[in-house]
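# The amino acid sequence is not available; the structure is as follows:
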């Protein structure tokens with residue numbers, strides 16, 4: 001990213017120098033012709049770059065269904081229909097719930113779902129509102145941060161895992177929703193036996209956004225923080241057909257620059273690009289507003305004592321490792337894992353390492369539960385209150 005920015009700056013400086021020289025030795029009319037030719041050449045080069053990017057990453061498989069997965073829809077209180085997929089046996093004594101990040105969908109978790117499918121545990125994965133196959137109902141402007149997404153999580157758990165112990169796994173915005181759940185649904189947090197937080201933060205999020213740029217470029221990321229929501233809202237005014245006019249190429253290049261690191265598996269870039277391609281700009285604007293106001297730092301002190309695994313990417317440009325090092329040590333019983341040569345799409349960039357940590361904490365949780373009094377199965381009906389005797 002920094003190398004690309006350096007090349008662009010040098011190229012821009014050289015172009016300005018050439019144009020100034022041309023203007024000094026010839027007429028303005030000739031200069032306008034030169035600018036027009038350069039603009040056409042730039043457009044042709046951009047189209048060629050995007051076509052090459054699409055061809056390169058199109059050979060990577062995007063998503064393969066998990067064998068035996070079940071599909072259902074869950075309706076939220078405000079009418080959003082959430083697309084849910086379930087893996088593993090009904091009646092399992094432990095349920096793992098996986099939450100994806102912004103501009104993504106449940107396909108982000110297919111490596112982890114395949115790993116969990118070989119275990120006796122139940123896994124629940126769903127598309128956040130407006131993402132994937134879930135319908136979109138705008139978030140309430142009066143709700144702080146991502147708390148309404150935490151309410152959506154609570155609705156899915158109420159419907160599909162109303163009882164029994166839970167392991168909550170959140171990536172990026174999904175991890176933020178887990179932190180918000182502590183305030184929104186403390187009853188569910190009380191049933192949670194362990195957490196896995198990947199590339200995420202309890203907040204405040206805004207001040208930690210640096211886009212991976214060093215301090216001399218502070219004006220760039222300060223502007224990005226301040227106008228991110230407005231930019232997405234303006235983009236939402238552009239018809240989706242025009243937004244997709246250049247094909248998947250711009251999204252592939254953008255995700256390669258921002259969301260992943262180095263020569264990572266091509267499927268990581270492709271799935272990340274497909275996620276933002278399919279997410280409408282108005283959903284991105286709505287989600288960005290919620291994320292930029294996210295601050296659940298106070299929730300850390302209210303979390304019950306439980307094993308917590310925090311996974312970060314050393315080269316994450318969206319949730320920096322410095323931000324993770326700031327908050328993770330304040331959580332009791334935390335195990336912090338920082339993966340080298342890893343960006344923001346950790347479940348796709350380093351699936352084996354994530355699976356190792358996930359299965360380890362799930363197995364540890366299951367052993368701990370087995371040593372205690374058995375808890376009801378995840379899909380067991382809720383206990384009904386006994387009627388009071390007549391007075």
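All right, it came through fine. As the structure is a prediction and not an experimental result, all values here were calculated from the model. Numbers count the residues shown, from 1 in each chain.
# Now do the same contact list for the closest residue to residue 172 other than its chain neighbours.
With sequence-adjacent residues excluded and distances taken as Cβ to Cβ, 6 or more residues apart in numbering, residue 172 is closest to residue 101, at 2.9 Å. Every C-beta, even on glycine, is put in place using the N, C-alpha and C of the backbone. Residue 101 makes contacts with 108, 171, 172, 173, 174, 175, 199, 200, as judged by Cβ atoms under 8 Å, 6 or more residues apart in numbering.
# show me the contacts for the fifth one.
In this case it means residue 174. Counted by Cβ under 8 Å, 6+ apart, residue 174 has contacts 98, 99, 100, 101, 128, 200.
# Nearest to the spatial middle of the chain, which residue is it?
In the chain, the residue lying closest to the centroid (Cα atoms, centre = their mean) is residue 101, at 1.9 Å.
# In a helix, it, correct?
No: counting by DSSP: H, G, I helix; E, B strand; the rest coil, residue 101 falls outside a helix, being coil.
# so what's it scoring on pLDDT?
Here the pLDDT value assigned to residue 101 is 96.
# Could you check how far it is from residue 310?
For residue 101, the distance to residue 310 (Cβ to Cβ, to the nearest Å) stands at 15 Å.
# Could you break the chain into its assigned domains?
When the chain is parsed with automatic domain parsing, its domains come out as 2-58, 70-207+289-370.
# Checking residue 82 next. Helix, strand or coil?
Strictly by three-state DSSP, residue 82 counts as strand.
# which ones are touching it?
By Cβ under 8 Å, 6+ apart, the contact set of residue 82 is 73, 74, 75, 76, 126, 127, 128, 129, 134, 152, 155, 156.
# 10 Å instead, please
72-76, 126-129, 131-135, 152-153, 155-156, 159 (Cβ atoms under 10 Å, 6 or more residues apart in numbering).
# and those, which are buried?
The neighbour-count test (16 or more other Cβ atoms under 10 Å) marks 74, 76, 126-129, 131-134, 152-153, 155-156, 159 as buried among these.
# so of the residues you listed, which ones are in helices?
Taking DSSP state H, the ones among those that sit in helices are 152, 153, 155, 156, 159.
# List just the one of the domains of the chain that sits closest to residue 229.
domain 70-207+289-370 (4.8 Å; Cβ to Cβ).
# Could I get the ones in helices among the buried ones among the contacts of residue 82 in JSON lines, plus columns for pLDDT and distance to residue 302?
Below are those laid out as JSON lines (pLDDT from 0 to 100; distance: Cβ to Cβ, whole Å):
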{"residue": "152", "pLDDT": "98", "distance to residue 302": "21"}
{"residue": "153", "pLDDT": "98", "distance to residue 302": "17"}
{"residue": "155", "pLDDT": "98", "distance to residue 302": "21"}
{"residue": "156", "pLDDT": "98", "distance to residue 302": "22"}
{"residue": "159", "pLDDT": "97", "distance to residue 302": "25"}
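# Tell me how far the closest residue to residue 155 other than its chain neighbours lies from residue 249.
Spatially, and ignoring its direct neighbours in sequence, residue 155 is nearest to residue 76 (5.0 Å; Cβ to Cβ, 6+ apart). Separation of residue 76 from residue 249 (Cβ to Cβ): 35 Å.
# need the contact list for residue 96.
Counting by Cβ under 10 Å, 6+ apart, residue 96 has contacts 87-88, 112-113, 116, 119, 121-125, 161, 166-169, 194, 196, 358-359, 361-362, 365, 378.
# Residue 95: neighbour count?
Using other Cβ atoms under 10 Å, residue 95 has 24 neighbouring residues.
# again with the one 4 residues further on
Counted with other Cβ under 10 Å, residues neighbouring residue 99 total 30.
# State the helix or strand in which the residue lying closest to it once chain neighbours are set aside lies.
Closest residue to residue 99 apart from its sequence neighbours, by Cβ to Cβ, 6+ apart: residue 174 at 2.9 Å. In the assignment (DSSP states H and E), residue 174 maps to helix 173-184.
# And for residue 79?
Using DSSP H and E, residue 79 sits within no helix or strand.
# residue contacts, the closest residue to it other than its chain neighbours?
In this structure, residue 79 finds its nearest non-sequential neighbour in residue 137, 5.5 Å apart by Cβ to Cβ, 6+ apart. By Cβ under 10 Å, 6+ apart, the contact list for residue 137 reads 76, 77, 78, 79, 80, 81, 129, 130, 148, 152, 286.
# out of these, which are buried?
For these, a burial check counting by 16+ other Cβ under 10 Å picks out 76, 80, 81, 129, 130, 148, 152, 286.
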